[in-house]
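*Asks:* kindly generate the corresponding structure for this input.
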Amino acid sequence: MLKKNGWMKATLQVLVLLLVSWGIVVNVRKSAVQLASQREELESRAAALRESAQQIADTSERNHSLEQASALELTAKNFWRANPLGLLAAGVIYALGMLPGSLFWRQCLAALDQPTHLLTTMWAYFYGNLGKYFPGKAMVIILRVAALNRLGIKKTATSITIFMETLTMMSVGGAVAAVCLILLNLDWRLTLLSMGLLLATFIPTYPPILRYLIPRLQRGVEPQALSAWTARIHGKLFVRGWLLHSLTWLAFGLSLIVVLYSLPIANFENVGLAATLLSGLGACALAVVLGFASMIPGGAGVREAVLSTVLTPIVGPAAALCGAIWLRIVWLATELIVVGFLFLLRRFSPTYPAADLTNYPAADLTNVT
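*Replies:* Numbering: from 1, shown residues only. Model prediction:
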């Protein structure tokens, strides 16, 4: 029986890995298609300009048009290229930006009297984050539950804390997007959209409402255990979540800005520092939150559309699209690298527990299914 269970567990892990890999490949292919489409558009414009130049009688004007066509052809060839050091810096900033979220999730687990071994919870957070590339977002919960299983953490507690952390992150993102877009005054519809997303994600995470919702959303859990959990969801935890995720969104926005600065075609000559920061933060926050709300794996297509819309007035259409696609590639590569690093770290760490149940009263761990 033990051998059979071990075989089934290994098969399930391989299946999950294949499904997540499939989601990642789909997202990368969509990005490649968008780049190819942008290149074709630039090449078409260059060909049209070169053809029209042949009809110009004036030599100087014709040469000027031909120079413009040559410049467009060169842009079509190299427009997507970015400075590797800039992309590396953007990846480091993104990885640092995910740390506050993982720490807040750990605090949520602690609030529900669950073991919170630092390395394990960080591994579960980053590893589970790859589940967003699978349809429906449920894979995030599956991966994190599996990663925390060795600590004896209850599946229900994991699900509740994922709900708390994710919606807190999205509500802070909605607030960041709304403030930035109001100050930029780009499009009132985008501002209203971000404010609507803020309300939709803020309301369920407000402590009194969350304490009301949890017993009604969770079935099969003893009322006494749920009462103990909900009593520990208080305003201080709520405030810490907003402060920590404010750092997350600041890092995410800076990561996008660094990606844009790494693109030679991005033109910041007529853009002030304040407008650059607001557009980077607002575009990134709105794109990620709307991508999450769309339930499309990884927000594929949604993020790129939002980023292009907000960033085009700042850096131009080609740079906006390239920045959106490079951002996806950089973030995906960073997630994979961090997950690989944490996998090796926990595998060879002498402090990585088989089960870390110390300092947690037995009653707190046995009354919850």
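*Asks:* quick one, what contacts A293?
*Replies:* Contacts of A293 were listed using C-beta atoms under 8 Å, 6 or more residues apart in numbering, and they are M170, L197, A200. Any C-beta I mention is one placed from the backbone N, CA and C, and that applies to glycine too.
*Asks:* just the buried members of those residues?
*Replies:* By neighbour count, with 16 or more other C-beta atoms under 10 Å, the contacts of A293 hold M170, L197 as buried.
*Asks:* CA atoms of stretch 265-279 as CSV?
*Replies:* What follows is stretch 265-279, C-alpha atoms only, in CSV (Å, rounded to 0.1, in the frame of the first residue of the first chain):
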residue,chain,number,x,y,z
ILE,A,265,13.7,52.6,-28.6
ALA,A,266,12.0,53.9,-25.4
ASN,A,267,12.1,57.7,-25.5
PHE,A,268,12.0,59.5,-22.1
GLU,A,269,13.2,62.9,-23.4
ASN,A,270,9.9,64.7,-23.0
VAL,A,271,8.8,62.8,-19.9
GLY,A,272,9.4,64.0,-16.4
LEU,A,273,10.5,61.7,-13.6
ALA,A,274,7.2,62.0,-11.8
ALA,A,275,5.2,61.0,-14.9
THR,A,276,7.5,58.1,-15.5
LEU,A,277,7.1,56.8,-12.0
LEU,A,278,3.4,57.2,-11.9
SER,A,279,2.9,55.6,-15.3
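*Asks:* what comes up buried for that stretch?
*Replies:* Within stretch 265-279, judged by 16+ other C-beta under 10 Å, the buried ones are I265, A266, T276, L278, S279.
*Asks:* three-state assignment of L307?
*Replies:* helix (DSSP: H, G, I helix; E, B strand; the rest coil).
*Asks:* what's the closest of the contacts of A293 to L290?
*Replies:* L197 (6.7 Å; C-beta to C-beta).
*Asks:* how confident was the prediction at the nearest residue to that closest one once chain neighbours are set aside?
*Replies:* Once flanking residues are discounted, L197 sits nearest to G174: 4.1 Å by C-beta to C-beta, 6 or more residues apart in numbering. G174 carries a pLDDT score of 87 in this model.
*Asks:* distance check, the residue nearest to L151 when sequence neighbours are not counted against N185.
*Replies:* With C-beta to C-beta, 6+ apart as the criterion, L151 has its nearest non-adjacent residue at 4.4 Å, and that residue is P115. Noted for P115: a distance of 48 Å to N185, by C-beta to C-beta, to the nearest Å.
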